[in-house]
Structures are given as structure tokens and as C-alpha cells.
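>>> below is the structure, and that's it, no one-letter string:
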RNA sequence: GGCCCCAUCGUCUAGCGGUUCAGGACAUCACUCUUUCAAGGUGAAGACAUGGGUUCGACUCCCAUUGGGGCCGCCA
């Protein structure tokens, strides 16, 4: 049994799309499990401008997710080059061989003539259009004659006209195609360049790919590729066609061009809002095209965990059993199988992705989470003491869902007299009878208190009892005074982290503000 | 239009003829806990697209219908 060799062959587009990631992941998992090789080939066209610019996001994104390739750009390998545009010699040789053996022919029809035939076919309701081969050059003499007319040639496949092809798809089982419905596809243009379907399958073969695991959209294109391979007299790889990653709440293929539409989805727009909030604190550019949950960079910029995304994506179209949901990368490598890949498209569910993120985040130690958060504080322009950050992260618990959420706690680091307040809420609480006096009095009590949560709680309980008021009558105004917000984690912990000096200063500041 | 693929709760899925008036997860709702927001606890609601077969017996097999998706380029 030969070594398993799989590949992804993206065209460089400037962004790593979720659908491509899922295909990459399944290929990678399969390779790792089988002890095979995972290859990255870039199916660029020769007319690609700014190669580095459009390629780098894909490379970086895959690496960030831990989807590493054994052969490909930046790592090289025995089957170099890994850019399709540099492999034209192979394409040329393949076409020459096909021509030689009669499985392809020079065709001298003009595009207008083909269009006319196609139109006629539609008009006659023939269903399929099949080229008449009227301008097919069967002999050298034909070529001379056509060329004398000033015609230019393309190379077409001479497809079979009868019989049935059965593809034993590893995900879908046997799929039948009738050869007579296939067309004489062009494989080489008049300008001598080669078409994707020729180049791709020739490269796959040259690289020794054993399993072509790709998106379902290629299923209909498989017959012509198999024909090429068969005509070349080489061994066929196995095929596995993966279902699409679909839009939130529909079965349409997920597209990075329809973000505006996805914004109607609540979970999707909440995710975007969360991302934008973090990006704003970090002063990042956030055009919806480049910065949205459809693109991997979004997750990296906002502090998601690669493990969480990998776990979620693995389950989007595959399941081990009826209950296992939390997978480490190693678990996935161990359990993955093409046989258990689903056949139907699976919608991307941002809410569920977030649930996986939280689960993976909480599985990390406080120290780990602090390490993840620190760079975000730094990017927000803060040099924070790790101890303090650790206390915040620990107290915040699952409120910090992604590392970037640490920016919700920037208030812990701002100057006491520059605290921004929820003024509406503050006015409301301060407006309540006796609130200001109560706050001032409590300030006196804690001025000498021990600043740790338990002691502070006792302090407040005693104060409340002595004053004959309820906890609710002071704690809200106190929170607003100290943090400026109505929400947050435990107030005693909050005060302990802030420390006596800060808390007293903030209360003083609040009282001054209230006086105005 | 032709061909190909797909079809279980809102979503991701388990189910490979009987042990299932269909199990889990996310989301939702209610209650509970509570200094706020989360979290937690308890519970609820929620699906086999339809119609025919096959079978003693179909979510599971077959066919049709319907619906959804994809491919039909001198694009990748």
C-alpha cells in the first residue's frame, strides 16, 4: 500500500475563507491519521499580480490554525515547484501525449461558431450541448487547411460518446455519469495556456496524490479529469467530495461576498459586533470584507483559540458518535474518518462556534489565559502588570470568551479621575434618596478595611446592618462609583483588585461629580 | 433547460429494519441561585419533507414528487 498523499490547491485570493479551512482541515486530519503527507499547492494563474500579498494571508491563517503542510510554499519538497504557474512543462507534455494518442484534438472553431452551436442546442431543447467537431483537425493536412483560413486552434478533449462512468466516491458512494452528456472540454487555449481542469489533475498526478478530497462543487467536473488520467494511462486517485459549508440558517454555499446578508443573523452580527469592539480598542482596520467571521483572520485578530475553531469546523460535517463534542487536535487525528463525513451541506453557526470557544478557553489555566490577553492590552496601549491581569482574568471567568475581551476591563487600568461612567445609570442611582450620603459614609468605613474580598464583604454587610438598609441600596451606586458601569464581576473582588487607594480615589471622584 | 448531489428538532448531529411515541450539543423559554452581568442548577418546548412501494415490521431499503444545492466557460 502506497503512502497516503493528499493536497489542497487553493487559488491565492487574499483571504483564508472558512470553507477552504474546513477542506484543508479534513485533508490534514486524514493525512495525519494515515501517516501520510499533506501537500499545499497554489493553483495560481500566470497572470497573478501581487502574489505575496494574496498568498500570505492563506499561509499565515493555516499555520495559525496548526494546519501545517509537509510540502508546499515556504517548506518546499521533492515535488517542487508548488505553484501551478510554474508547472507548465508538465501540462504541455500531458497535452502532447493526449494529442498523440488521439484522446485530444486540435479544434479550429471560433468562439462565435461554438456559441452558435450552443444556442442551436438550447433552441432545439436538446438538453446537453455537444460540439459537432466540425472544425476538428484530424490530420496534419486539416491543420494546414484551417490555418490557411486564418483560424486559430485550441485543444479539446475527445470525450467518449457512450458508456457510463462510476466514481466510487469515498463520501458519497458510487456516483454515475453518462459519457454522452460530457462535452469536449477545452484543455489548452488558443494562446497556448492551459485550463485549470487539465493543469490541476496533471499536477495531482505528478505529485503522487492518492486521495483527492475537495468540495462538492468539483463532483460534476470529475469525469473529464478521470478521462484525462485514463487517457494518459495512469492510475486513478480516490475521490472524496465534501459537502459545502453553508450560510448561517440556509443551505447556500457560504460566500465572503454576502456578509451584509448574514448580518441579519443575530449570532453572526453579535460576533461581528464583538470583533469590532475589540478592533476599535486596538485601532485595527475593520472593513467587512476583510474582517468578518467568514475569514480566518477575524478570529486571530480578536483572540479566538485555534483549537476551538478546529474543533468546531471538524464537527461541521463530521461526527464521531452521538455525544463526543470536545476534541483536542490529537483526538481528532485519532478519530477522524472519511466514512463518517456527512453528505449534506452544514450551515455555519456562529453561536455554536462561540460555545466551543468558551469551552476551550475555560479549559485553559488562568496563566495561559493571561498570556493570551497580555498582547491585547499591549496593543491597546497598556503595559499591565501580569499579577493584576491574572486577578482580573480569574475573577472574570467565562466573561472573557476570547482573549480580546480583556479590553472590557481597561477601566481597571485607567486613572482614577479619568474613569468614564455610564452617566445615565450613575445619575439614576445617585438620585435615589440618601445615596450620596450613604456612599460617603461607607467610604469612611473602608478607608481602614483590609482589601480582600471576604473582608470587604463583611465590611459591607456590617455597614448595611448598622444603617438599617438593604444591600441593594448601596451596592449599585458603589459599583458605578468604582467601575463606572452597571455590570461586571463580583464587586468585592473588583475592589480588592483595584486596591484601597484606587477605590477611595474613585469614590471621591464620584462624589465630586455628583455634587455638580 | 440537461446532468449530478442532498433531505432527522431553528442549527450541528446520533440513528446503518425491530432494544427509539427518535438520543446528544448549541440556541430558545420558564423556574431557581444572586450585589449587577454572566455562569451554575432544575425543567420545558422542539424533527424523521410528501406520496407510494418492499417487509411480519420502516427514520433506516426502493421509486416518484417536492424542496434545497452544485456543475454545465478558450474562469479557478
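Here it is on my side, so go on. Given the structure is predicted, the values throughout are model-derived calculations rather than measurements.
>>> doesn't residue A:214 fall inside a strand?
Yes: counting by DSSP: H, G, I helix; E, B strand; the rest coil, residue A:214 falls inside a strand.
>>> what bridges to it?
residue A:241 (DSSP bridges).
>>> ok, it touching residue A:241?
Yes: at 6.6 Å, residue A:214 and residue A:241 qualify as touching, with contact defined as C-beta atoms under 8 Å. C-beta here means a position set from N, CA and C on the backbone, and glycine is covered the same way.
>>> can you give me the helices in the stretch 51-200 of chain A?
A:51-64, A:88-101, A:111-123, A:140-148, A:196-206 (DSSP state H, counting those that start in this stretch).
>>> how close does residue A:405 get to residue A:6?
Plainly put, residue A:405 is 36 Å away from residue A:6 if you go by C-beta to C-beta, to the nearest Å.
>>> er, residue A:431 actually
Distance of residue A:431 to residue A:6, computed by C-beta to C-beta: 67 Å.
>>> the more surrounded of the two?
For residue A:431 and residue A:6, the more surrounded residue by other C-beta atoms under 10 Å is residue A:6, and the numbers stand at 26 against 11.
>>> flag the shaky bits of chain A, pLDDT-wise.
By pLDDT under 70, the low-scoring segments of chain A are A:1, A:46-49.
>>> before we move on, the earlier item: do you know which of the helices of the stretch 51-200 of chain A lies nearest RNA strand B?
Closest of the helices of the stretch 51-200 of chain A to RNA strand B is helix A:196-206, at 3.4 Å (criterion: C-beta to the nearest atom of the strand).
>>> which strands and helices sit next to that closest one?
Using 3 or more C-beta pairs under 8 Å, 6 or more residues apart in numbering; DSSP states H and E, the elements in contact with helix A:196-206 are helix A:88-101, strand A:186-188, helix A:222-232.
>>> and the residue lying closest to residue A:66 once chain neighbours are set aside, what does it touch?
Nearest residue to residue A:66, sequence neighbours excluded (C-beta to C-beta, 6 or more residues apart in numbering): residue A:306, at 5.5 Å. Applying C-beta atoms under 8 Å, 6 or more residues apart in numbering, we find residue A:306 in contact with A:64, A:65, A:66.
>>> next one: residue A:33
Taking C-beta under 8 Å, 6+ apart as the test, what residue A:33 contacts is A:333, A:334, A:336, A:337.
>>> and if you look at residue A:506?
A:416, A:419, A:481, A:482, A:498.
>>> what kind of secondary structure is residue A:6 in?
Assignment for residue A:6 (three-state DSSP): strand.
>>> isn't it right up against residue A:29?
No: Residue A:6 is beyond contact range of residue A:29, at 9.7 Å (criterion: C-beta under 8 Å).
>>> one step back: can you put the helices and strands packed on helix A:196-206 in TSV and add distance to residue A:447?
Formatted as TSV, the helices and strands packed on helix A:196-206 follow (distance: least, C-beta to C-beta, whole Å):
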stretch	distance to residue A:447
helix A:88-101	80
strand A:186-188	85
helix A:222-232	78
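>>> winner for burial among those?
Stretch with highest mean neighbour count among the helices and strands packed on helix A:196-206: strand A:186-188 (a mean of 23; mean count of other C-beta atoms under 10 Å).
>>> mind giving me the packing neighbours of that strand?
Strand A:186-188 packs on helix A:88-101, strand A:154-157, helix A:196-206, going by 3+ C-beta pairs under 8 Å, 6+ apart.
>>> and the shortest one, which residues are buried?
Along strand A:154-157, the positions that meet the burial threshold by neighbour count (16 or more other C-beta atoms under 10 Å) are A:154, A:155, A:156, A:157.
>>> now do stretch A:171-189
Quick answer for stretch A:171-189 (16+ other C-beta under 10 Å): A:171, A:172, A:175, A:177, A:182, A:184, A:185, A:186, A:187, A:188.
>>> remind me which helix or strand residue A:458 belongs to.
For residue A:458, the enclosing helix or strand under DSSP states H and E is helix A:453-467.
>>> if I look at residue A:240, how far off is RNA strand B?
Distance from residue A:240 to RNA strand B, counting by C-beta to the nearest atom of the strand, to the nearest Å: 12 Å.
>>> give me the spatial nearest neighbour of that residue, chain neighbours excluded.
That would be residue A:170: by C-beta to C-beta, 6+ apart, it lies 3.7 Å from residue A:240.
>>> pretty sure that neighbour contacts residue A:343?
No: if you go by C-beta under 8 Å, residue A:170 and residue A:343 don't touch, sitting 11.4 Å apart.
>>> that concludes my questions; thank you for your assistance.
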